[in-house]
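S.K.: Kindly return the folded structure for what I paste below:
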Amino acid sequence: MAGEAEKAKFIVGLGNPGRSYVKTRHNVGWMVTGELRNRWSLGCGRKAFGGLLYDARELGPQGICRSAMVFEPQMYMNRSGEAVKGLVGYHKAKPEDVLVVLDDMALKLGWVRARPGGSDGGHNGLKDILRLLGTQQVPRLRIGIGPPSASEKDVEHVLSSFSSEELGTVAKAVSKAADAVEDWLGFGISYVMDKYNSKAEQLEHPDNGNEK
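M.R.: I've put the predicted structure just below:
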């Protein structure tokens, strides 16, 4: 159906701006959007709505085309909603056409999980987006960063860098999450959940922490 094929989708990666945050756990959402930008050869984005916006036209698996935009808010994490609200409002997008890609310390390191909506799970970036969009029905793709150690506070953990031992697992998770985004563009959130959310699908990754 031509109308469906032309419907715009929006991939929102969450992270904190600034050099000191580039390789931190909280910025794994940007790592995924960076992988997509490389795959799709998107080049330099343009400043818009308080973030960087990249156009990706007619993308999708198996010949299924989607007009897509990759968006990286350049505000600090807990103000991400302001940027996303501007993007969504301008393009008159429906919340279900926005996929938020973010870190989750309640998931084992390297695990990838998709959901069509629900609570923010304690993530300040997602919390702000849901608040300003006025709904919890916003699809999200969560990448596990593992839980804090007994001596760490949550904020210390999410703002810490991955260890050298963790980087291989993180790289695989970022690639897998990018695959999941491409599947979402072509087949929707239910397909992604069926394909990526099972425990068996996750076991190829080394991990630590507790399953959520």
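S.K.: And the strands in this protein, which stretches?
M.R.: Secondary structure of the chain (DSSP state E): strands at 8-13, 46-48, 51-59, 66-73, 98-104, 112-115, 140-144.
S.K.: got these as JSON lines, with distance to V170 columns?
M.R.: C-betas here are computed from N, CA, C, even on glycine. JSON lines is the format used below for the strands of the chain (distance: least, Cβ to Cβ, whole Å):
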{"stretch": "strand 8-13", "distance to V170": "15"}
{"stretch": "strand 46-48", "distance to V170": "28"}
{"stretch": "strand 51-59", "distance to V170": "22"}
{"stretch": "strand 66-73", "distance to V170": "18"}
{"stretch": "strand 98-104", "distance to V170": "10"}
{"stretch": "strand 112-115", "distance to V170": "11"}
{"stretch": "strand 140-144", "distance to V170": "8"}
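S.K.: What ranges does the protein have for its helices?
M.R.: 2-5, 28-39, 80-91, 124-133, 154-158, 167-187, 189-196, 199-202 (DSSP state H).
S.K.: returning to that earlier point: nearest to H157, of the strands of the chain?
M.R.: strand 98-104 (10.1 Å; Cβ to Cβ).
S.K.: so how far is that closest one from its chain's centroid?
M.R.: 3 Å (Cα atoms, centre = their mean, to the nearest Å).
S.K.: Likewise for stretch 70-85?
M.R.: With Cα atoms, centre = their mean, you get 12 Å for stretch 70-85.
S.K.: nearest to R39, of the strands of the chain?
M.R.: Proximity to R39 (Cβ to Cβ) singles out strand 51-59 among the strands of the chain, at 9.3 Å.
S.K.: Could you list the buried residues of that closest one?
M.R.: For strand 51-59, a neighbour-count test (16 or more other Cβ atoms under 10 Å) marks 51-54, 56, 59 as buried.
S.K.: Could you do stretch 115-130 as well?
M.R.: Under 16+ other Cβ under 10 Å, the buried positions of stretch 115-130 are 115, 120-121, 123-130.
S.K.: Return it as PDB; C-alpha atoms alone will do.
M.R.: Taking C-alpha atoms only, stretch 115-130 is exported to PDB below (Å, rounded to 0.1, in the frame of the first residue of the first chain):
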ATOM      1  CA  ARG A 115       8.200  -2.800  24.100                       C
ATOM      2  CA  PRO A 116       5.300  -1.000  22.500                       C
ATOM      3  CA  GLY A 117       4.800   1.200  25.600                       C
ATOM      4  CA  GLY A 118       4.600   1.200  29.400                       C
ATOM      5  CA  SER A 119       6.200   3.000  32.300                       C
ATOM      6  CA  ASP A 120       9.600   4.800  32.100                       C
ATOM      7  CA  GLY A 121      11.300   2.200  34.300                       C
ATOM      8  CA  GLY A 122      13.100   4.900  36.200                       C
ATOM      9  CA  HIS A 123      14.900   6.200  33.100                       C
ATOM     10  CA  ASN A 124      14.900  10.000  33.300                       C
ATOM     11  CA  GLY A 125      15.100  10.600  29.500                       C
ATOM     12  CA  LEU A 126      12.200   8.300  28.700                       C
ATOM     13  CA  LYS A 127      10.300   9.800  31.700                       C
ATOM     14  CA  ASP A 128      10.500  13.300  30.200                       C
ATOM     15  CA  ILE A 129       9.500  12.100  26.700                       C
ATOM     16  CA  LEU A 130       6.400  10.300  28.000                       C
END
